[in-house]
Structure formats: structure tokens, C-alpha cells
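In: here is a sequence together with a model predicted from it:
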Amino acid sequence: VPPGGETRNQTLPIMAVCVMVALLSLCAAAAAAPCPEGAAQGYLSVGQRHLMEGKFTEAVTCLKQGLKHDQPQGEELAGVQQMISMAYMQLGNHKKAEEHVRLALKSAAKASTTLRSTLTTNLGQIMFVAGNIPAATVEFEKALALDSSNTQTMVFYASALEQIGRDYEALALYSRCAALNPTYTLALSNAAAILNTMGRYAEAEVLCEQAIRVEGTHVGAILQLANAYQGLGRDTKAGEQLEKARKLSPDSSKVRAMLLLHRQRTCDWSRRKRDLGELEGLLSEQTAAVTKGLKGRSGVDLYEARVAASLVPPQAVLPWPLASQAAGEAARQAAAVVLASTATLRATMEGRVATVPEEIEEIRVGFVGDFGSNAATRMLQSLLRMLDRDRFVTYLYDVTDEDDAADVDADALLALAGKSHSIANLTTLEAADVITGDDIHILIDLIGYSAHSPAALFSLRPAPVQVSYLGYCGTTGASYIDYTLCDQTTCPAQTTALLTEHVALLPLGYIPPPSLPDQAPDLNSTARAELRAEAKLPADGVIFCWLGPLEKVDPDTFSSWVRILQRAPGSHLWLTSSKGSPARKNLRAAAAAAHVEDRMVFTPRVSYRTLTKNASQLCDVHLDTFVFGADLLTGDLLASGLPHLTYPGTSRCARVAAGIVHAAGLPDLVAGSVEEYEDTAARLATDSSALQAVRARLRATRAAGAGYFAADDQAQAVENALETMIEFHNAGQHRSFNVTVTIVEEALLLDPVLPASEDLYVIQPVEWH
């Protein structure tokens, strides 16, 4: 969960009120200063009392009267001016508040650096609340130059940096603050929140535990510890922390949202109907709060909008069977907050973005992603291998700083790219500078709102054309993303209408086929039993499997799987999860009512490469989920020779597998209803010849390099799509379009061994936008 909510519930209120202990001491000293005439003493004392009682108009009047009756100098005058500034802040008069704190600074010109640092910090706070966050950061930096040990200034400065997308700098400040004051729980918790968004869960865990040792009821630290445990796959411990937070703050929307999402993640459907209603309510609450926050102009308004947008992040909505508009609305809210947060940074980008010549010989394409051992890396590796290197120069921008020398996928990918950069430890603006320095024409986001989201970077528009592809199947809701790549099965017209991006519809599935190693040989029954035994799977019988994350499993899908097991005696269902995950217990309990719990097999999660390497030899049929399907995993499983049975829903995330399976020449494995899905699964489990025929057809299509496995044709389609985006950009109007296959497409589906011919692709504009 992004930074926000209870994690930040102290920083901004302090900044809005602008009351600091050091300044109150100064003000009290001014009010108690000796006064020969006595009149000023009365006015200053009464003015201070009015200030503390919340009578701000009266405070201004009395304090100014005190100044007229006497002429305090130096620190005494600074104290009075600061009190007047505080009162004006509470009255919402930021201009007057800034004027008087500047007068206080002038009066304290010869005062200690500590006092001047405190006053400068307060000036930064006023600017922040007034909405001038860049100017506020300048003042905070000045304050730290005066007093480098002022931890409160560090927290204010870091919080301001977060509002404008400079998370790495904010993290450094929080860490510096925590080093100076290890008991400063707010700094510890805020640093942990940023680490969680970066996927650095172990580091976040350490900071959260440190904060909780100091303050056991710090809800923000408790929630961030739950996030860290979740990222580390320790769902039971995450649940314990969330329950602890619920007891401390039962009415918190953030706590309720995180508990609700935790139940989805752990397949706890005990209150499913209530959860669905509560999720819809939270999304409505989120939309209203973001809208209200963005209408304001102050830094506090932007902060509140950021907190609201993080209540239910867009990616968290995808596994829920809500109307597709719900996930789209969450994405639009998130994108709107990103745009507001980076407004000042965008102003610096003018004239720095590459221009695209009318006659362009070499198109520079940049990919922003996490290039570790994952499905997107494998798919991109295949695509880069097939692209015309004379026409397309590719650049990789890695958002993570993980370096795994043994990661073959990442190494192979880097070898294929023209150039690569790590932007993990750069600020948003610095990362944009790297991209503009490479004169990138098309920049492709491989992450979306998943971990390490580069949304802030893309909001700066460092490239003329920007595209969402592969890593995120939902809409980004962002005006700064021009296109998304999809296919006609995954994105029919009714689905495309819900996307904010223009759509380039590719043929034969929009997920590029993985690089194809030698096919694993068919095993005789003895060899297969031995391999299954090594994997701790049943030696005999048909094994159905779902090898994706369990958080994608919904009650309707699981009920269907249970009915399939009932109709296929001797069959088993293989699922993977972290050891000790509560999802195992919950799913077994759900299967117990149908007396099939003993036919469910759980194994620990392993690396993506290991998971897919021998899938076809261990398992017979991969079963898709109904709401949020297997997406990229589908391609690797089909390439391994494992049939994939899917029932496409109405959303894009529920249809990705259908596009791939259909393109692989297996339209009979794309069910038209839940009943057909179950009938097909039961038939394949009870009719060995039917199962072998499907597997043989899949192997033949793969061996022929036809349909989905026609890598050259897939690459040509992507190339044509990219060229068309450039063409439309130069024409001054982006639009959706088809990249279609001619009559040969039908032949490929009927005869998987038919070789792919050349020049099959035709660009056809689509009038959807």
C-alpha cells in the first residue's frame, strides 16, 4: 500500500497548524518581557492567550496593539511577529502569515542559528500549506543548513518531497532523522512506508519493529509492518498486525480497507457479500475525498488527496468481481493525484523532450520495468530478439536496484537491448533527464500500478509517445499514457470503451510468445510418477493446477474447481502458496463441504522459471480463474506444452488468457460459460484420448511456430503498431487502430502446422475514440 493514511496522520496536521515547541517558548518569552509602561505587557499576554484558545482574530488585534504600545527588538520582536503569523495561518491568510514570519526572521537576524532554523522551517510550512511546495522545500533546505540536527525540519522536508514525487530523497531524510533520533516513530514509520513501495520489505520490517518498540500503539507503523509481512509472504503475521490495528483504530477507513484486501489475498470468503459492499463504499469514499482534495490548492489538500487515493489502490481492485468501471475509476483517481503531485516538475520539461522527424529511419523505444526473473522479462526478451534492430533501437530503464548475477533472464534481456540504465536511485526528474537524454521516441510502461510504479515518471512525459504494455492489464486512467497494446479477443469493443488509452489491437494475442527452448519430452508413466514424487505431487491420476497467486482466486472460480473434482474421480488440484499461508487452511475448509479437501495439493512457491519449466510434465490441465486470469503466465505454460482452460469474463484482466489460448489454436479451451468450462475439464480428465489430442495439437502448433508461437509475425505486428503510433503522433492526433491478420488467420487456427506467411498485417483505424 502506498504511503498515506495512518502512516502520515501526524506530519501534515503539524504542518497545517504550524505550532512548534521552540516557537511557543519564544512567544512566551516575548509576552513575559519586561514593559516599563505595562500596557504592552497586557496586550501581548492576552494576545497569546487568545492564540492558544483558538480566538485567532482577537489574537491578531491584541498582538498588533502590543506592538504599537511598545517596540520590542530582536528575539522578543520575532516572537510577537511569529504569534501573529500563527494566527493568520489559522485564519487562512497565507500571504499575511508569510509576511509576518519574514518579519520575524528579519528581527532574529542576529539570533542563534537554532532559532533562525526554526523560523525558516515555519516559513516553509506556510508555503507548503499555501500550495507552493517547491518553494517550501527550498526553505526547509535552508533551515537544515542552519541547523543540521533539526529532526522536525527533516520530517517536514521529507513529507514535502514525497508530495512532489521525490521519494528517494525523502527516504534519505527520514533515515537521517531516525539515525539522529532512533525514537522518532513518525520518521521510522514514514521511511518504512517508502521502503514498502520500493519492494524493500525486509528493511521496512526492521524500521517498523523499531517504531513499535518505542510506541506500541502507533497505527501507522503497525500497518506498514503488515505491508512488509505481506510482501515477504508472511500472511499470517500480516493478519495479526491488521487485527491489532483494527482494535486500536476500529473506525479507520485505511484499516478497514487493508483488512478487506487481506481477506481476498488469503481466500477468506467468510464475509464475502459484506466485503463486496464495503469495498464499493470505500471506493465511493475514496473518489469523493480525492475529488475534494484536488479542488483545493494547498499542500494539505494535495496530501489529503494522496492519502485518499492510496485507500484502495487500482491494482487491489482487479481481483474483485465489481463492474469494470470501478477499477477504472480507482485508476483515474490515482492518475489525477500523480498529475497534481508532479505539476511543478512538469513545468521544467518544456523543450527537453525528443521530437520525431517526419521521415524517421530509426525509432528509439524505451522500456521502463523491473527486469528480474519474471514473466514480463521473459516475454520482452522474446520480443527484443525478434525486433528489426536496424529499424528499432531499444533502451531499458530498470526501476529496481536488485543485482542477481545468476539471473539468466535479466542478463539475456540486457544483452539484447541497445542500451540500459538503472534509474532505481534517481529522483523522478533525474530519471526523466536520462530518458530525454537518450532522445526516446516511444516510452513503454511495463509496470502500471504494480510494485515500483513509474507513474510519476510517465506523468512528466519524457517521450513524445507513451504506452502501457505487458505488466498491468487494467487501464492506467492516465492522460499521459497514449496507447495500450491489446488483441481483439482480450479487448472487444465493450471492454475497450472503458480504457482511457487509445488501443492498438494486435493479432494472435497481444502477449509476445516466450523464447522457446527445446520441448520437454513426453514421459512414460513410470518416469512421470518419479518426477511427480520429486515435486511432492500424487503419482497417479489427472492433476489440474492453478500456478498463479492465490489472491486471484475468487469464490465462484473455486466452487467450479470443486465441482470439477467431484466429476473427475481420482483427479487432484495443485496450488502453490507460501508455507503456512492461511489461504491453504481457508481453501481446504471451503473444499471440505464437498468432501474433496484431501484431493487438494499445496506446494511452496518457487521461482517463476522453476514453476514453468516442468509444468507440462507434472500437470495435465491448467485451470484459469474467472475474474483476474493468468495473463503472462498463460504464454509460458502453453509454450511448455500445458493446455490452459479459460472462461473469459467481461473485464480485460479476465480475458487475457482467452486471447492467447485462441491464438494458440485451442479455441475449444475458451469456454463460453461456466458450465462449458466444467464440462470441458471433466471431459479431459475422464477421456485420456481427448486430453492427449489437445496436448498433441498444442505441441504441433508450437513446433510449427504457428499462431501464437509465430514469433516473427508477432514481432512484425508490434513493429507496425509502433510505427503507426509515430505516424499518428506526427499527424497530431492519436487514435485506436487494428493490426490485423488476413485470411491466413483462420487457416492457422484450423491447421496449426501451416507455416506463417509474410505480409499478413494490415493497419486499420478503429473509430472508438
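Out: Great, that's in hand. Just so you know, these numbers come straight off a predicted model, no measurement behind them.
In: what about the stretch 251-400 of the chain, any weak spots by pLDDT?
Out: Within the stretch 251-400 of the chain, the segments meeting pLDDT under 70 span 297, 323-324, 373.
In: just the strands in it please.
Out: Applying DSSP state E, counting those that start in this stretch to the stretch 251-400 of the chain gives strands spanning 363-369, 392-398.
In: mind giving me JSON lines with these and columns for mean neighbour count and distance to residue 648?
Out: Every residue, glycine included, has its C-beta placed from N, CA and C. Listed next are those as JSON lines, based on neighbours: other CB atoms under 10 Å; distance: least, CB to CB, whole Å:
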{"stretch": "strand 363-369", "mean neighbour count": "25", "distance to residue 648": "26"}
{"stretch": "strand 392-398", "mean neighbour count": "22", "distance to residue 648": "32"}
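In: is it possible to get a markdown table of those strands that adds distance to residue 348?
Out: Output for the strands of the stretch 251-400 of the chain, formatted as a markdown table (distance: least, CB to CB, whole Å):
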| stretch | distance to residue 348 |
| --- | --- |
| strand 363-369 | 19 |
| strand 392-398 | 19 |
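In: which one of those lies closest to residue 621?
Out: Closest to residue 621 of the strands of the stretch 251-400 of the chain is strand 363-369 (CB to CB; 30.9 Å).
In: so which residues of this structure form strands?
Out: 363-369, 392-398, 419-422, 442-445, 465-468, 483-487, 502-506, 543-546, 572-576, 600-603, 621-623, 644-645, 737-741, 761-765 (DSSP state E).
In: what's the least confident stretch among those?
Out: Of all the strands of the chain, the minimum mean pLDDT falls on strand 761-765 (a mean of 40).
In: now the strands of the chain as CSV including distance to residue 433?
Out: As requested, the strands of the chain are exported to CSV (distance: least, CB to CB, whole Å):
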stretch, distance to residue 433
strand 363-369, 13
strand 392-398, 12
strand 419-422, 11
strand 442-445, 14
strand 465-468, 16
strand 483-487, 24
strand 502-506, 27
strand 543-546, 43
strand 572-576, 42
strand 600-603, 46
strand 621-623, 44
strand 644-645, 43
strand 737-741, 32
strand 761-765, 34
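In: nearest to residue 552, out of these?
Out: The nearest among the strands of the chain, by CB to CB, is strand 543-546 at 8.3 Å.
In: name the helices or strands packed onto that closest one?
Out: When contacts are defined as 3 or more CB pairs under 8 Å, 6 or more residues apart in numbering; DSSP states H and E, strand 543-546 sits against helix 555-567, strand 572-576, helix 615-618, strand 621-623.
In: contacts for the first one, please.
Out: The one in question is helix 555-567. Helix 555-567 is contacted from outside by 267, 269, 272, 321, 544, 546, 571-573, 587, 590-591, 594, 596, 599, 623, 625-627, 674, 677-678, 681-682, 685-686, using CB atoms under 8 Å, 6 or more residues apart in numbering.
In: can I get the CA coordinates of stretch 130-143 in PDB?
Out: Only the C-alpha atoms of stretch 130-143 are listed here, as PDB (Å, rounded to 0.1, in the frame of the first residue of the first chain):
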ATOM      1  CA  ALA A 130      -0.300  27.600   0.600                       C
ATOM      2  CA  GLY A 131       0.400  25.100  -2.100                       C
ATOM      3  CA  ASN A 132       3.900  26.300  -3.200                       C
ATOM      4  CA  ILE A 133       5.700  23.000  -2.400                       C
ATOM      5  CA  PRO A 134       8.900  23.600  -4.400                       C
ATOM      6  CA  ALA A 135       9.400  26.900  -2.600                       C
ATOM      7  CA  ALA A 136       8.700  25.200   0.700                       C
ATOM      8  CA  THR A 137      11.400  22.600   0.000                       C
ATOM      9  CA  VAL A 138      13.900  25.500  -0.600                       C
ATOM     10  CA  GLU A 139      13.100  26.900   2.800                       C
ATOM     11  CA  PHE A 140      13.400  23.500   4.500                       C
ATOM     12  CA  GLU A 141      16.800  23.100   2.900                       C
ATOM     13  CA  LYS A 142      17.900  26.500   4.200                       C
ATOM     14  CA  ALA A 143      16.600  25.600   7.700                       C
END
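In: show the pLDDT at residue 742.
Out: Residue 742 is given a pLDDT of 43.
In: out of the contacts of helix 555-567, which are buried?
Out: 267, 269, 321, 544, 546, 571-573, 587, 590-591, 596, 599, 623, 625-627, 677-678, 681-682, 685 (16 or more other CB atoms under 10 Å).
In: just for the stretch 601-750 of the chain, where's the confidence low?
Out: Scanning the stretch 601-750 of the chain for pLDDT under 70 picks out the ranges 740-750.
In: for it, what spans make up the helices?
Out: 608-613, 615-618, 632-640, 656-663, 674-686, 688-704, 711-731, 744-750 (DSSP state H, counting those that start in this stretch).
In: just to revisit the earlier point, can you put the helices and strands packed on strand 543-546 in TSV and add distance to residue 647?
Out: Shown next, in TSV, are those (distance: least, CB to CB, whole Å):
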stretch	distance to residue 647
helix 555-567	8
strand 572-576	16
helix 615-618	20
strand 621-623	9
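In: which residues are contacting stretch 372-389?
Out: Against stretch 372-389 from outside (CB under 8 Å, 6+ apart): 367, 369-371, 394, 400, 402, 404, 407-410, 412-413, 416-418, 446, 470-471, 511-515, 607-609, 631-633, 635-636, 711-712, 714-715, 718-719.
In: list the buried residues of it.
Out: Residues 372-387 are the ones in stretch 372-389 that count as buried (16+ other CB under 10 Å).
In: how about stretch 181-195?
Out: Residues of stretch 181-195 classed as buried by neighbour count (16+ other CB under 10 Å): 181, 184-195.
In: how about residues contacting that stretch?
Out: Contacts of stretch 181-195 (CB under 8 Å, 6+ apart): 2-4, 7-8, 10-11, 151, 154-155, 158-159, 162, 167, 170-171, 174-175, 177-178, 201, 203-205, 207-208, 210-211, 214-215, 218, 220-221, 224-225, 227-228.
In: just the buried residues out of these, in PyMOL syntax.
Out: A single PyMOL command selects the buried members of the contacts of stretch 181-195 (16+ other CB under 10 Å):
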select buried, resi 2+3+4+7+8+10+11+151+154+155+158+159+162+167+170+171+174+175+177+178+201+203+204+205+207+208+210+211+215+218+220+221+224+225+227+228
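In: so what's residue 420 up against?
Out: Counting by CB under 8 Å, 6+ apart, the residues that residue 420 touches are 395-398, 414.
In: ok, now residue 651?
Out: 318, 324, 327, 495, 627.
In: hang on, the earlier thing: how about the strands of the chain, which one is nearest residue 132?
Out: Taking the strands of the chain one by one with CB to CB, strand 465-468 is closest: 28.3 Å.
In: helices or strands next to the closest one in the packing?
Out: Short answer (3+ CB pairs under 8 Å, 6+ apart): strand 465-468 packs on strand 442-445, strand 483-487, helix 711-731.
In: and the strands of the stretch 251-400 of the chain: which comes nearest residue 481?
Out: Of the strands of the stretch 251-400 of the chain, nearest to residue 481 by CB to CB is strand 363-369, at 11.7 Å.
In: distance from the closest one to the middle of the chain?
Out: Centroid displacement of strand 363-369 relative to its chain, using CA atoms, centre = their mean, to the nearest Å, is 20 Å.
In: from now on call the first residue 41
Out: All set: I'll call the first residue 41, so the last point we hit is now strand 403-409.
In: output the contacting helices and strands for that strand.
Out: Strand 403-409 packs on helix 415-426, strand 432-438, strand 482-485, helix 751-771, going by 3+ CB pairs under 8 Å, 6+ apart.
In: nearest to residue 464, of those?
Out: Taking CB to CB, strand 432-438 is the member of those nearest to residue 464, at 6.5 Å.
In: how far is that closest one from where the chain is centred?
Out: 22 Å.
In: likewise for stretch 380-391?
Out: So, by CA atoms, centre = their mean, the centroid of stretch 380-391 is 21 Å from its chain's centroid.
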